[in-house]
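Enquirer: Provide a 3D model corresponding to the input given below.
(one chain, ligands or ions: 1)
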Amino acid sequence: MNYDLLIDLHKDGKRQGPGDDTHTQLALNFSGLLQRSELLKLADIGCGTGASTLVLAENLNAAITAVDLFPQFLNILQRKAKHKKLKGKIEALPCSMDSLPFQENSLDAIWTEGAIYNMGFKKGVAYFKRFLKPKGILSISEITWLTQNRPEDLTSYWHSEYPEIAIGSEKIKILEQQGFTLKAYFPLPESCWFDSYYHPLQNRFKDFLAKHTSEEAQSIVNSEIHEIEQYKKYRDYYSYAFYIAEKI
Ligand code: SAH
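Expert: Residues are numbered from 1 along each chain as shown. Modelled structure (predicted):
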């Protein structure tokens with residue numbers, strides 16, 4: 001996998017996955033964090049160029065650690081934070097989500113949009129839990145089946161891409177088994193895929209292919225096109241969904 005090419009294709013997007021500020025804000029409303037006036041300690045894991053991090057920083061009295069594997073994304077986040085005068089609230093940490101440097105029971109909330117699949121949902125939930133204080137909030141957006149039944153080719157495609165894709169009730173069960181109480185669940189609408197992710201991504205293909213003429217670059221674009229076609233065809237059956245939960 002050529003990460004440099006993937007980073008170059010995705011770094012200029014507002015987001016690196018489906019979502020938008022309105023739905024980050026909605027999750028924030030459900031989290032109860034907006035009512036807290038003391039300084040909160042948060043981490044935004046797999047933050048990419050930080051669309052959600054900036055919403056959190058704008059709305060909370062918080063010290064936020066923005067974690068991503070790729071410093072190239074974090075540099076962009078830092079630029080945006082500076083522009084919005086939010087730099088003092090955000091610390092960028094290039095680090096893998098499975099080896100976080102936080103102390104146990106030290107965070108008021110962990111936020112993670114469209115990224116926990118890199119560890120796997122179950123493993124990620126169990127791992128992140130230790131860093132949360134009691135009553136700490138875990139807010140996750142994760143790929144989710146919207147229906148119990150669906151076309152067979154879709155099921156087999158996703159089972160090879162990400163076998164942990166599941167219906168919301170199964171993900172909620174995992175959270176409950178791991179010692180969380182669910183505060184809210186909601187699937188993201190189509191606009192979160194097209195308006196803030198796929199359409200801007202498609203608009204970058206031409207320049208990306210002009211800049212990178214390799215076969216590898218073409219094959220990255222082809223697989224994005226395939227993913228978009230797949231979503232257009234089967235959007236009734238899956239989306240990202242938010243899970244907002246509290247550590248018991
Ligand atoms: N939260 C952002 C990005 C989602 S895309 C948004 O919603 O726009 C997934 C992100 O996870 C990417 O930024 C990618 O660089 C990051 N990532 C992938 N593997 C990771 C790992 N092992 N540790 C931390 N971040 C990782």
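Enquirer: Following the chain onward from the lengthiest strand in the chain, which element is next?
Expert: When the chain is scanned for its longest strand (criterion: DSSP state E), the result is strand 132-145. Per DSSP states H and E, the first helix or strand lying C-terminal to strand 132-145 is helix 152-161.
Enquirer: Check which helices and strands that next one is in contact with.
Expert: With contacts taken as 3 or more Cβ pairs under 8 Å, 6 or more residues apart in numbering; DSSP states H and E, helix 152-161 sits against helix 215-234. (Each C-beta comes from the backbone N, C-alpha and C, glycine too.)
Enquirer: Please point out which parts of the helix it packs on sit buried.
Expert: If you call a residue buried by 16 or more other Cβ atoms under 10 Å, then helix 215-234 has these buried ones: A217, I220, V221, E224, I228, Q230, Y231, Y234.
Enquirer: roughly how far out does that helix sit from the chain middle?
Expert: Its chain's C-alpha centre and that of helix 215-234 lie 20 Å apart, by Cα atoms, centre = their mean, to the nearest Å.
Enquirer: contacts for that helix?
Expert: 2, 5-6, 9, 150-151, 154, 157, 193, 198, 201-202, 205, 208-209 (Cβ atoms under 8 Å, 6 or more residues apart in numbering).
Enquirer: Now do that helix against helix 152-161, angle only.
Expert: Put simply, helix 215-234 runs at 140 degrees to helix 152-161, going by axes from the mean of the first three to the mean of the last three Cα atoms, to 10 degrees.
Enquirer: quick one: which of the buried residues of helix 215-234 is nearest the ligand?
Expert: Among these, E224 lies closest to the ligand (Cβ to the nearest ligand atom), at 13.1 Å.
Enquirer: on that earlier part again, buried residues, the longest strand of the chain. List them.
Expert: Counting neighbours by 16+ other Cβ under 10 Å, strand 132-145 gives L132, G136, I137, L138, S139, I140, S141, E142, I143, T144, W145 as buried.
Enquirer: Put the alpha carbons of the least confident helix or strand in the chain by mean pLDDT into CSV.
Expert: Ranking every helix and strand in the chain by mean pLDDT, DSSP states H and E puts helix 152-161 at the bottom, with a mean of 93. C-alpha atoms of helix 152-161 as CSV (Å, rounded to 0.1, in the frame of the first residue of the first chain):
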residue,chain,number,x,y,z
GLU,A,152,-25.5,-11.4,-0.8
ASP,A,153,-22.8,-9.8,-2.9
LEU,A,154,-22.8,-6.7,-0.7
THR,A,155,-22.4,-8.9,2.4
SER,A,156,-19.5,-10.8,0.9
TYR,A,157,-17.8,-7.6,-0.3
TRP,A,158,-17.9,-6.1,3.2
HIS,A,159,-16.9,-9.3,4.9
SER,A,160,-13.7,-9.3,2.9
GLU,A,161,-13.1,-5.5,3.5
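Enquirer: Would you mind getting the angle between it and strand 132-145?
Expert: Using the same axes, to 10 degrees: helix 152-161 against strand 132-145 is 140 degrees.
Enquirer: Buried residues in helix 152-161, which are they?
Expert: L154, Y157, W158.
Enquirer: Next: stretch 173-192.
Expert: I174, L175, Q178, F180, L182, K183, Y185, F186, P187, L188, C192.
Enquirer: Give me the pLDDT for the residue of the chain positioned farthest from its centre.
Expert: Using Cα atoms, centre = their mean, the residue of the chain lying farthest from its centre is T213. It sits 29.8 Å away. With respect to pLDDT, T213 scores 97.
Enquirer: Then E224?
Expert: For E224, the model assigns a pLDDT of 97.
Enquirer: same question, I7
Expert: Value listed for I7 in the pLDDT field: 98.
Enquirer: Now A115. Nearest residue, chain neighbours left out?
Expert: Counting by Cβ to Cβ, 6 or more residues apart in numbering, G46 is the residue found nearest to A115 once chain neighbours are left out, at 2.4 Å.
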